[in-house]
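> curious how this folds, go ahead:
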Amino acid sequence: MISALKRSEAVFKHVTPLPADSPAPLSIKDALTLLKLDHRYIEDLFAQYEIAYSEDSKQQLVAEICEQLTQHIFLEENILYPAVRPMLGNHQLLDVAMEGNTGMQWLIKELQTEPFGSVLCSARIVLLNENFKKHVKMQETQLFPKIRRSSMDLNVLGRILQAAKASLRHEVAH
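Purely as a prediction, here's the structure:
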């Protein structure tokens, strides 16, 4: 387990460290709680999109959805999945989760290049939301319970995820 966490930490050696005056995280949560909080936040962004009236608001929401999902997928594929794979073995759920992420990444890329407001863009937003809902359901009902039952130290992994997420946010802001 320690070597898997060390490999996950190594992914972020290239990431710009946070400045010394950055606010400290409010509280450290275990890895699965952090990822579930991401799920709720992204679900809320999709809900806001569905009720938004102005095209400007919708466009900003789509940009935020794409950014949040990109960060979320990066954290899963570069930290969570490599850290838990040794505990779970070559578990099919990890492969299914990665395939789902690949589909969402493709949709994100297409949304970022498609003219906003087109029929195709609208269809891709709907499809991205549906894929995200399936991703959340699979993770929260199947994958996360298996991870929680493993011997993985989810608090340590949570600290790694939280630091990586803060670093990614800092990079996007600058």
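> residues contacting residue 36?
Contact analysis of residue 36 by C-beta atoms under 8 Å, 6 or more residues apart in numbering lists 140, 144. Just so you know, the C-beta spots here come from the backbone N, C-alpha and C atoms, and that holds for glycine as well.
> quickly find the element holding it.
Using DSSP states H and E, residue 36 sits within helix 31-51.
> flag every buried residue along that helix.
31, 32, 34, 35, 36, 38, 39, 42, 45, 46, 49 (16 or more other C-beta atoms under 10 Å).
> cool, and stretch 122-139?
So for stretch 122-139, counting by 16+ other C-beta under 10 Å, buried means 124, 125, 128, 129, 131, 132, 135, 136, 139.
> got the CA coordinates for it in CSV?
This file holds the C-alpha atoms of stretch 122-139, laid out as CSV (Å, rounded to 0.1, in the frame of the first residue of the first chain):
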residue,chain,number,x,y,z
SER,A,122,-26.5,20.6,-26.5
ALA,A,123,-26.6,16.8,-27.2
ARG,A,124,-23.1,16.4,-25.9
ILE,A,125,-23.9,18.2,-22.7
VAL,A,126,-26.9,15.8,-22.1
LEU,A,127,-24.7,12.8,-22.9
LEU,A,128,-21.9,14.0,-20.6
ASN,A,129,-24.5,14.4,-17.8
GLU,A,130,-25.8,10.9,-18.4
ASN,A,131,-22.3,9.4,-18.5
PHE,A,132,-21.4,11.2,-15.3
LYS,A,133,-24.5,9.9,-13.5
LYS,A,134,-23.6,6.3,-14.5
HIS,A,135,-20.0,7.0,-13.4
VAL,A,136,-21.2,8.2,-10.0
LYS,A,137,-23.7,5.3,-9.5
MET,A,138,-21.1,2.7,-10.4
GLN,A,139,-18.4,4.2,-8.1
